[in-house]
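>>> can't give you the sequence, but here's the structure:
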Ligand SMILES: Cc1cc2nc3c(=O)[nH]c(=O)nc-3n(C[C@H](O)[C@H](O)[C@H](O)COP(=O)(O)OP(=O)(O)OC[C@H]3O[C@@H](n4cnc5c(N)ncnc54)[C@H](O)[C@@H]3O)c2cc1C
Ligand SMILES: Nc1ncnc2c1ncn2[C@@H]1O[C@H](COP(=O)(O)O)[C@@H](O)[C@H]1O
């Protein structure tokens, strides 16, 4: 077995998903040859991203009978196991998306291998030890991965996706996935699309995110939040308190159990900044917090803070923007 | 359809939403001051199970693997409508996710032999403390059942479960033949609170204590630590609406105003 690293990559709007590109960057740090696997068509844009990330081989799984048309974690796991053999990889890696985590857990379960979720860094290679986030990011765990292949998923935005010093060959190899009927027992039957451009995919890649927490006060307290997000061409993100109260849908949740964001600016209104929320927003380039409590963690960790009632400060900002 | 028997697995975990404290040896979370609870995902799983059984009849069994204090979380689930409980008495910190799955699978098999076959086994998407994201999937392979992860709401009819998963694009729906396993993600249902009658019932409800049928191989935790505090250099832009021009200046400076 070589020390190659196989990375499960996912598409996003015609490119390799940002979280997958981060995983590729991380994979390069492990030293071995980097292979990528995509379920579904690998086009020139995907190959270009892979080349930039220094990927040696891009495996594309196909299924002539359409077995891969609808998502099934078990079918993806079957294809991943085949690519694993093809690459002779010693490590399997995915971004910590729902799918990345789910598919890798299938592979780990089938082969009775340990799996480390939400890895931040490799702390030792012989034997392999990693540091990962647990308890919603409130705690770091050092974990030993004492089996081959090592199975791990990355914490979102733990590393920044950067181009390799020299581009990879990104040799495109297609194979037929040997999906079994058992793999298709749990398969997506239908998808009810959400209206508008408010998907959480948009949230995790947004350049501007306006966040709101319990301080919004009620389901009706988001008008200015929505207006500011729209004015800045950004997305709305909320805390778990807000989704638990049913004020906003779960897909808008930001944090450990929601989307992880890395915008140019995150404007956090009426959010205390609990560690599990922080875990999902700390990669923002600039954070502006608006809170009535000057001592809230969000206010002391932000780059900029405004002490005040969000329902007074947001309208004033909107007015100022109109004037500008 | 006929009745449904559902097993829900919950874990007693230290509350980590406030200040987090580690045990002196740095191997576990210390919840002595913060308290303990089952996770939001597991609370949602209990809600899904109880409301399915309200509609279709059947039973909800709640299970935990933990020390004797973990019975508190079983009582919490019994108070909101679970019918009975299984307590696998063990030191959960000695159990890795594969061990937990094996111990749960043992109970599922033993109960089936004793006449209660579980149509649906629900676990949380990830445990609040150890966050391994895998017990449910490992369990499904041990039981040779289909598994769906991240389920937010569910219906059952005619031996089939219809499971809804929130995704970036919208809501994905799975239809799986029972028996099946699902891992539940909070946010799709509104968990009920216990009332006085529920609490009274919970005190008397049967809790079967069993010893684990597996020898744990153990987790692979080498140690825990708290993340270093983020270095901060916060600039206070002002108070109240008067700070608005300063906020807009910042937005302009970082180039997000077009
Ligand atoms: C395993 C786990 C995972 C979790 N995952 C997540 C997650 O993904 N995302 C997440 O957000 N949380 C998560 N949590 C929950 C988290 O611990 C907090 O409970 C939650 O983030 C609190 O939300 P909040 O800040 O909106 O509410 P609160 O903590 O109640 O804070 C409200 C804030 O609003 C301020 N405020 C009140 N009124 C106003 C006003 N008029 N104007 C301005 N400010 C005002 C208050 O001063 C306060 O700071 C998780 C917890 C666990 C255990
Ligand atoms: N000790 C335990 N007792 C009962 N259920 C557990 C235990 N550990 C994990 N689980 C279940 O498995 C889910 C996922 O855990 P994990 O894979 O460890 O993140 C949890 O949300 C629980 O439902």
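Alright, I've got the coordinates. Since we're looking at a predicted model, the values are computed, not measured. Ligands and ions are numbered 1, 2, ... in the order given.
>>> the nearest residue to residue B:65 once chain neighbours are set aside: neighbour count?
Leaving aside its chain neighbours, residue B:65 sits nearest to residue B:88 (4.1 Å; criterion: CB to CB, 6 or more residues apart in numbering or on different chains). Bear in mind the C-beta positions are built from the backbone N, C-alpha and C, glycine included. Neighbourhood size, residue B:88 [other CB atoms under 10 Å in any protein chain shown]: 24.
>>> you'd agree residue B:88 is in a strand?
Yes - checked against DSSP: H, G, I helix; E, B strand; the rest coil, residue B:88 lies within a strand.
>>> tell me which element the residue lying closest to residue A:228 once chain neighbours are set aside is part of?
Excluding its sequence neighbours, the residue lying closest to residue A:228 (CB to CB, 6+ apart) is residue A:210, at 5.0 Å. Secondary structure assignment for residue A:210, by DSSP states H and E: strand A:208-212.
>>> any idea which helix or strand comes after that strand?
Criterion used, DSSP H and E; the element after strand A:208-212 is helix A:223-231.
>>> against which helices or strands is the next helix or strand after that next one packed?
The C-terminal neighbour of helix A:223-231 among helices and strands, as given by DSSP H and E, is strand A:235-238. Judged by 3 or more CB pairs under 8 Å, 6 or more residues apart in numbering or on different chains; DSSP states H and E, the packing partners of strand A:235-238 are helix A:200-205, strand A:208-212, helix A:223-231.
>>> returning to that earlier point: ok, the residue nearest to residue B:65 touching residue B:68?
No - with contact defined as CB atoms under 8 Å, residue B:88 does not count as touching residue B:68 (11.5 Å).
>>> re the thing from before, can you put the helices and strands packed on strand A:235-238 in a markdown table and add mean pLDDT and mean neighbour count?
As requested, those are exported to a markdown table (pLDDT from 0 to 100; neighbours: other CB atoms under 10 Å in any protein chain shown):
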| stretch | mean pLDDT | mean neighbour count |
| --- | --- | --- |
| helix A:200-205 | 73 | 22 |
| strand A:208-212 | 97 | 29 |
| helix A:223-231 | 96 | 17 |
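>>> by proximity to ligand 2, which residue of the stretch 151-300 of chain A wins?
Residue nearest to ligand 2 within the stretch 151-300 of chain A: residue A:257 (11.7 Å; CB to the nearest ligand atom).
>>> pLDDT wise, what is that residue at?
Looking at residue A:257, its pLDDT is 79.
>>> contact partners for it?
A:136, A:240, A:276, B:40, B:126, B:185, B:186 (CB atoms under 8 Å, 6 or more residues apart in numbering or on different chains).
>>> repeat for residue B:252
Counting by CB under 8 Å, 6+ apart, residue B:252 has contacts residue A:324.
>>> can you count the residues close to residue B:215?
There are 9 residues near residue B:215, going by other CB under 10 Å.
>>> is it true that it lies in a strand?
No - counting by three-state DSSP, residue B:215 is not found in a strand; it is coil.
>>> so it versus residue B:96, what's the distance?
12 Å (CB to CB, to the nearest Å).
>>> related to what we said a few turns ago, just the buried ones from the contacts of residue A:257?
A:136, A:240, A:276, B:40, B:126, B:185, B:186 (16 or more other CB atoms under 10 Å in any protein chain shown).
>>> helices of the chain, start to end?
In the absence of a named chain, chain A is used. Assigned helices in chain A, in chain order: A:18-29, A:44-52, A:73-87, A:98-111, A:200-205, A:223-231, A:240-244, A:275-281, A:297-301, A:310-323 (criterion: DSSP state H).
>>> oops, wrong one, chain B.
B:40-56, B:71-79, B:97-113, B:135-143, B:196-204, B:244-253.
>>> tell me which of the ones you listed sits most buried.
helix B:135-143 (a mean of 26; mean count of other CB atoms under 10 Å in any protein chain shown).
>>> between helix A:310-323 and the strand holding residue A:210, find me the angle.
On the basis of axes from the mean of the first three to the mean of the last three CA atoms, to 10 degrees, strand A:208-212 is oriented at 150 degrees to helix A:310-323.
>>> each with direction, which strands does strand A:208-212 pair with?
strand A:235-238 (parallel), strand A:265-269 (parallel) (DSSP bridges).
>>> need those strands in JSON lines with mean neighbour count and distance to residue A:193, can you?
Output for these, formatted as JSON lines (neighbours: other CB atoms under 10 Å in any protein chain shown; distance: least, CB to CB, whole Å):
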{"stretch": "strand A:235-238", "mean neighbour count": "28", "distance to residue A:193": "17"}
{"stretch": "strand A:265-269", "mean neighbour count": "29", "distance to residue A:193": "27"}
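>>> as CSV, those strands with distance to residue A:120 and mean pLDDT would be great.
CSV is the format used below for those (distance: least, CB to CB, whole Å; pLDDT from 0 to 100):
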stretch, distance to residue A:120, mean pLDDT
strand A:235-238, 22, 96
strand A:265-269, 20, 98
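>>> can you tell which of those is closest to ligand 1?
strand A:265-269 (6.1 Å).
>>> and the closest one, how far out from the chain's middle?
19 Å (CA atoms, centre = their mean, to the nearest Å).
>>> where does the stretch 151-300 of chain A have low pLDDT?
Low-confidence segments of the stretch 151-300 of chain A (pLDDT under 70): A:194-201.
>>> can you tell if stretch A:24-41 touches chain B?
No - figure legend: stretch A:24-41 not in contact with chain B (CB under 8 Å from any CB of the partner chain); closest approach 14.3 Å.
>>> flag every buried residue along that stretch.
For stretch A:24-41, the buried set under the neighbour-count rule, 16+ other CB under 10 Å, comprises A:24-28, A:30, A:32-39.
>>> ok, now how distant is residue B:20 from residue B:64?
Distance, residue B:20 to residue B:64, using CB to CB: 22 Å.
>>> neighbour count winner among those two?
Legend: neighbour count by other CB under 10 Å for residue B:20 and residue B:64, higher for residue B:64 (27 against 22).
>>> contacting residues around the more buried one?
With CB under 8 Å, 6+ apart, residue B:64 has these contacts: B:9, B:10, B:11, B:12, B:70, B:71, B:73, B:74, B:85, B:86, B:87, B:88.
>>> adding pLDDT and distance to residue A:268, write those out as JSON lines.
JSON lines is the format used below for those (pLDDT from 0 to 100; distance: CB to CB, whole Å):
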{"residue": "B:9", "pLDDT": "98", "distance to residue A:268": "35"}
{"residue": "B:10", "pLDDT": "98", "distance to residue A:268": "32"}
{"residue": "B:11", "pLDDT": "98", "distance to residue A:268": "30"}
{"residue": "B:12", "pLDDT": "97", "distance to residue A:268": "32"}
{"residue": "B:70", "pLDDT": "97", "distance to residue A:268": "36"}
{"residue": "B:71", "pLDDT": "97", "distance to residue A:268": "39"}
{"residue": "B:73", "pLDDT": "98", "distance to residue A:268": "32"}
{"residue": "B:74", "pLDDT": "98", "distance to residue A:268": "38"}
{"residue": "B:85", "pLDDT": "98", "distance to residue A:268": "41"}
{"residue": "B:86", "pLDDT": "98", "distance to residue A:268": "43"}
{"residue": "B:87", "pLDDT": "98", "distance to residue A:268": "42"}
{"residue": "B:88", "pLDDT": "98", "distance to residue A:268": "42"}
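>>> okay, those residues in CSV with distance to ligand 2 next?
Converted to CSV, the contacts of residue B:64 look like this (distance: CB to the nearest ligand atom, whole Å):
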residue, distance to ligand 2
B:9, 4
B:10, 6
B:11, 4
B:12, 8
B:70, 7
B:71, 12
B:73, 9
B:74, 10
B:85, 11
B:86, 10
B:87, 9
B:88, 7
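>>> looking at the residues you listed, which is nearest ligand 1?
Looking across the contacts of residue B:64 and measuring by CB to the nearest ligand atom, the closest to ligand 1 is residue B:11, at 11.4 Å.
>>> the closest one and chain A, how far apart?
Separation of residue B:11 from chain A (CB to the nearest CB, to the nearest Å): 12 Å.
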